[in-house]
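Participant: Have a look at this prediction, sequence included:
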Amino acid sequence: MNEVVAYLLLGVATNIDNMIIGTTYGLKRHRIDFVNNVMIGSLNGAVTFISVLIGDFLRQFLTAQVGELLGGLVFLTLGFLTIAETYMMDQELEAEGEAPPDNIKSGYVRVSRQEALGLGLGLSVTNIAGGVGAGLAGFEVVRMTLLMFTFSILPISLGQWIGQHTASKFPQRWANITAAPVLTGFGIWKLIGGVMS
């Protein structure tokens, strides 16, 4: 049960960016259709597969304790970076006077394949560190790949729905605030596991 929870938390926390992108595009009335969403998820899954394999490969040359510690440090760092990103977002909102985004246009613009490919590559690159950390921490590569594929598609769809139904920047800020403690807590949990193993 704890293993299932760990996989689910990791899948949600490392794909928060996808919901932010989906929300932003929803606010701009730019639509990422199902095919483009699947393409983004496939890229995310492929990069996760490779990065987890790299982490698992490196783990072969390390003791289980060191692998747990390094994996924990990676997730702890990702958590701190997310906290810093939230702080910078708050600073930007203050500088802009928290003006609502311009989403008064009617109708929706379909995102092109080229733009979706760029989005997929960008979102996939951000998951490399998480994938390597998962491999170092001993997560199973096939499960992680399927999880990242699924948790890439769902947040984009959810984010678009949120973006289409709100004109505020609330979702982006609180998405980061949600991800930060999950990643940080995940890192601390792995560090403790490494120390006690």
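Facilitator: Received it, and whenever you're ready, just let me know what you need.
Participant: For the rest of this, base every contact and every neighbour count on C-alpha atoms.
Facilitator: Noted.
Participant: What count of nearby residues applies to Ile40?
Facilitator: By the criterion of other C-alpha atoms under 10 Å, Ile40 has 27 neighbours.
Participant: swap in Ile54?
Facilitator: The tally of other residues near Ile54 (other C-alpha under 10 Å) stands at 18.
Participant: Check the one 3 residues further on too.
Facilitator: In terms of burial, Phe57 registers 14 neighbours under the definition other C-alpha under 10 Å.
Participant: try Asn36
Facilitator: Around Asn36 there are 22 residues (other C-alpha under 10 Å).
Participant: now it: how far from Gly138?
Facilitator: Asn36 sits 31 Å away from Gly138, going by C-alpha to C-alpha, to the nearest Å.
Participant: Which residue, other than its chain neighbours, is closest to Gln164?
Facilitator: Leaving out its chain neighbours, the residue that sits closest to Gln164 by C-alpha to C-alpha, 6 or more residues apart in numbering is Gly26, at 4.7 Å.
Participant: How about the contacts made by that neighbour?
Facilitator: The contact partners of Gly26, by C-alpha atoms under 8 Å, 6 or more residues apart in numbering, come to Gly159, Gln160, Trp161, Ile162, Gly163, Gln164.
Participant: How about Ile50?
Facilitator: Counting by C-alpha under 8 Å, 6+ apart, Ile50 touches Gly131.
Participant: That one belongs to a helix?
Facilitator: Yes. Counting by DSSP: H, G, I helix; E, B strand; the rest coil, Ile50 is found in a helix.
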